[in-house]
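K.L.:
coords please:
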Amino acid sequence: MKKIPTLFEWAGDIKTFEGLFTLFYSKVLKDDLLGEVFGNMSPEHVKHVSHFVAEVFGGDPLYTSKDGGSHSHMIGKHIGKMLTEEMRQRWVHLLLQTADEVGLKSDPEFRSAFVGYIEWGTRLAVINSHLKVNPMDTNEPMPKWGWGETGGPYLPNQN
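P.N.:
The predicted structure is shown next:
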């Protein structure tokens, strides 16, 4: 039986994710809709997002071990930001455009998984951005994203 690589392994390595998000956030900062939202991001933001997504895709736990982050911590970064659907769509568009520019793997299976995660994560970010307190327990595990399908409908009041 052949070993199926993680999404992280298939994409490349941590430099793949760091390159993707470095170029992506340089575009975000210049964007007329998103620039203001991210204008005050920390100098570590790009590294943290790179590490977070890489870990979710099966890479080393750099976000949780090296950066001291957690899924709850990432959710907390969106609380009260009042993100709109238009902002979400622009963010997704710029990220997918950047993925093509940096040569991120473009086979249908990988891109389906990548887009699926980006859609899932950005929709959660919008939902959480309209809350006043973080709904996630600090001990919640990091999400793990693979090649398969999601686990059913989103039901925020059921764990």
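
K.L.:
quick check: chain neighbours aside, which residue is closest to the spatially most central residue of the chain?
P.N.:
Centroid-nearest residue in the chain, with C-alpha atoms, centre = their mean: residue 53, separated by 5.1 Å. In space, not counting the residues next to it along the chain, residue 53 is nearest to residue 17; the distance is 5.8 Å by C-beta to C-beta, 6 or more residues apart in numbering. C-betas here are computed from N, CA, C, even on glycine.

K.L.:
what comes up buried for the one helix or strand that neighbour maps to?
P.N.:
Assessed by DSSP states H and E, residue 17 sits inside helix 14-30. For helix 14-30, burial by neighbour count (16 or more other C-beta atoms under 10 Å) applies to 14, 16-21, 23-25, 28.

K.L.:
remind me what the following helix or strand past that helix packs against, helices and strands.
P.N.:
Using DSSP H and E, the helix or strand that follows helix 14-30 in sequence is helix 35-38. The contact analysis (3 or more C-beta pairs under 8 Å, 6 or more residues apart in numbering; DSSP states H and E) places helix 35-38 against helix 14-30.

K.L.:
distance between the helix it packs on and the chain's centre?
P.N.:
Centre-to-centre, helix 14-30 and its host chain are 12 Å apart (C-alpha atoms, centre = their mean, to the nearest Å).

K.L.:
list the contacts of it.
P.N.:
8, 11, 34-35, 38-39, 41, 45-47, 49-51, 53-54, 59-60, 62, 91, 94-95, 97-99, 101-102, 104 (C-beta atoms under 8 Å, 6 or more residues apart in numbering).
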